[in-house]
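Enquirer: predicted model and sequence follow; I will ask about them next.
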Amino acid sequence: MRNLLGTTATACALVITCLASAASAQTPAPAAQAAPVSSAVAAPTYISIPLEIAVNRPAAEVWKRVGKFCDIGEWLRIPCTITSGKDGEFGAVRSVAGEVLVGKTELSYTYTQPVRDGRPYNLYHGTLETRSVTPTTSKIVYTLFFDNSMLADDAAREADRARRVTQFNAALANMKILAEGGTLPPAPARGR
């Protein structure tokens, strides 16, 4: 009888072990989690593009005409709305690339573009300001700052820089026209 109980206990243990083993073989392994993609750039190469234009109006008048955070829509000729916060206040977000107002003075503001998932962060910042030159004249200064290391090579970096210089010099020319009381000509067709 003792031998029969021992054999039965051993057989039961073996069955339990086999069942547990079979059950675990049928249970799918937990899904491997994808490694997070870092937005950090290992070896950034920062570039600064300072641009300016003379205006025949006092700095305060110029700023009043072209210095609101969403005035970019008029002088860069793109849609702009404030999507969060209030135009001109810290933390305001405009629809243009989700840009956030991060600094301001009486006659300037600085904005940044936020980090985006799955894309290297280029630390893009822009500062728009008016500076008094004389009591009746001023200049508009637009400075861009960002990391261009994620571009393929020096030729691509130079092409990107040239494109931005052209785009923002056109914006400065439009701001000058508006600040001096003029009207912008019709916008060129987009996408051509």
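Expert: It's in. Residues are numbered from 1 along each chain as shown.
Enquirer: go ahead and flag the most central residue of this protein.
Expert: Central residue of the chain (CA atoms, centre = their mean): residue 113, 2.7 Å from the mean position.
Enquirer: ok, it to residue 98 distance?
Expert: 7 Å (CB to CB, to the nearest Å). Heads up, the C-betas are built off the backbone N, CA and C, glycines and all.
Enquirer: do the same with residue 132
Expert: For residue 132, the distance to residue 98 (CB to CB) stands at 32 Å.
Enquirer: same check, this time on residue 86
Expert: 16 Å.
Enquirer: can you check residue 45 too?
Expert: Counting by CB to CB, the gap from residue 45 to residue 98 is 24 Å.
Enquirer: repeat for residue 142
Expert: 19 Å.
Enquirer: low pLDDT regions in the protein?
Expert: 1-38, 191-192 (pLDDT under 70).
Enquirer: just the strands in it please.
Expert: With strands called from DSSP state E, the chain shows them at 46-55, 82-84, 93-94, 100-105, 108-112, 125-132, 138-147.
Enquirer: who touches the shortest one?
Expert: Think strand 93-94. 69-70, 72, 80-85, 99-101, 111 (CB atoms under 8 Å, 6 or more residues apart in numbering).
Enquirer: kindly recompute the last result at 10 Å.
Expert: Surrounding strand 93-94, the residues in contact under the criterion CB atoms under 10 Å, 6 or more residues apart in numbering are 69-70, 72-73, 79-85, 87, 99-101, 111, 114.
Enquirer: what's the closest non-adjacent residue to residue 85?
Expert: residue 92 (3.7 Å; CB to CB, 6 or more residues apart in numbering).
Enquirer: would you confirm that that neighbour contacts residue 80?
Expert: No. Applying CB atoms under 10 Å, one finds residue 92 not in contact with residue 80, separated by 11.3 Å.
Enquirer: comparing these two, which shows the higher neighbour count?
Expert: residue 92 (21 against 18; other CB atoms under 10 Å).
Enquirer: now that one: how far from residue 81?
Expert: For residue 92 relative to residue 81 (CB to CB), the value is 11 Å.
Enquirer: before I go, just wanted to say thanks for your time.
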